[in-house]
Structures are given as C-alpha cells and as structure tokens.
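>>> my questions concern the predicted model and sequence given below.
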Amino acid sequence: MRLTVYLNEEDQPATHFAVLWLDLDDHIWSREGHRGIELPSWGTLRVSRNATSLCGETPADPLCELHELGAAVLDQPPASACGAATWIDHDDLTIVGRWHLQAVDREHEIAETSVFKTPEDLYRHRH
C-alpha cells in the first residue's frame, strides 16, 4: 500500500511544501515534489503506535515526524486525514508543519519513475 502525503510548513503553507509517497509494504518513502522543504529524494520509514518517522537510508536517521499517523491509522488508512509534523531544517531549527493524506493506493506496484530502480535496490532497502 502506498500513501500520498502533502507536507507543508505552518508559517508558509503555500510556498514551503513537499509531496511524499509512503510505501508501507517496503517501508520506504520518496519525495515526488517540493519547494522550500528540503528532504532527501528517498529514505526509510519507521512506524510507531502514534507516529511515522521519515528517516534517511537507515531507520536510525530520523528526518521528519508525522504525528498522529501511526500504526493504528496505517492499518486501515482513511480516505483523508491530517496531523502535525516536525522536522529539522539545514540550520538545525525545528520546523512545525502539517501533513495531509491526499491519496491511498492499496495496490503494490513499483512507480514508473521510482528512485528505486531495480528489485535488488528495493530488497536492499527493505532489509
């Protein structure tokens, strides 16, 4: 299952945003578009009961926290939802924003322009 999430900065919601794909089957995420929010092009997911962490290449490297988007919600995601988000910018300042669930894709398919180019890449990032 893959979720499309819109992330924006609370102080500048129209000019600072990122569109993310969260792949819950492979525990990876990718940045599909952005302006003003600097996140890497992809990373791993760490899901807790109450939140989802967007991490770098390893789950030990959290970059952004999507509060209220935890395991209970992800088991049966609603058509739309939103919550608080926090991340650290390049000046080591904590940024407060919001996440908005835009779409839920329940099919498991590799995106045509995925940053994970081969099945071996997917396997390496899953394990």
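The structure has been received and is ready for your questions. Just so you know, these numbers come straight off a predicted model, no measurement behind them.
>>> how much space between residue 86 and residue 93?
Remark: distance between residue 86 and residue 93 (C-beta to C-beta, to the nearest Å) = 11 Å. Bear in mind the C-beta positions are built from the backbone N, C-alpha and C, glycine included.
>>> more neighbours: which of the two?
Using other C-beta atoms under 10 Å, the more surrounded residue of residue 86 and residue 93 is residue 86, with 13 against 8.
>>> for that one, give the beta-bridge partners.
According to DSSP bridges, the residues that bridge with residue 86 are residue 65, residue 96.
>>> what separation is there between it and residue 43?
Per C-beta to C-beta, residue 86 is found 16 Å from residue 43.
>>> what of residue 30?
As judged by C-beta to C-beta, residue 30 and residue 43 stand 8 Å apart.
>>> of those two, who's got more company?
Per other C-beta under 10 Å, whichever of residue 30 and residue 43 has more neighbours is residue 43, with 26 against 20.
>>> is it true that the more buried one touches residue 57?
Yes. When contacts are counted by C-beta atoms under 8 Å, residue 43 is listed as touching residue 57 (6.4 Å).
>>> any idea which element residue 72 lies in?
For residue 72, the element it lies in under DSSP states H and E is helix 71-75.
>>> quick one: residues in contact with that helix.
Contacting residues not belonging to helix 71-75 are listed as 3, 24, 47-50, 52, 81 [C-beta atoms under 8 Å, 6 or more residues apart in numbering].
>>> what about that helix, average pLDDT?
Averaged across helix 71-75, pLDDT comes to 86.
>>> now the strands for the chain?
2-9, 17-23, 28-35, 42-47, 51-55, 62-67, 81-88, 94-105 (DSSP state E).
>>> save the ones you listed as a markdown table, and put in mean pLDDT and distance to residue 74 too.
Below are those laid out as a markdown table (pLDDT from 0 to 100; distance: least, C-beta to C-beta, whole Å):
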| stretch | mean pLDDT | distance to residue 74 |
| --- | --- | --- |
| strand 2-9 | 93 | 8 |
| strand 17-23 | 94 | 9 |
| strand 28-35 | 93 | 13 |
| strand 42-47 | 94 | 6 |
| strand 51-55 | 96 | 7 |
| strand 62-67 | 94 | 10 |
| strand 81-88 | 93 | 10 |
| strand 94-105 | 92 | 10 |
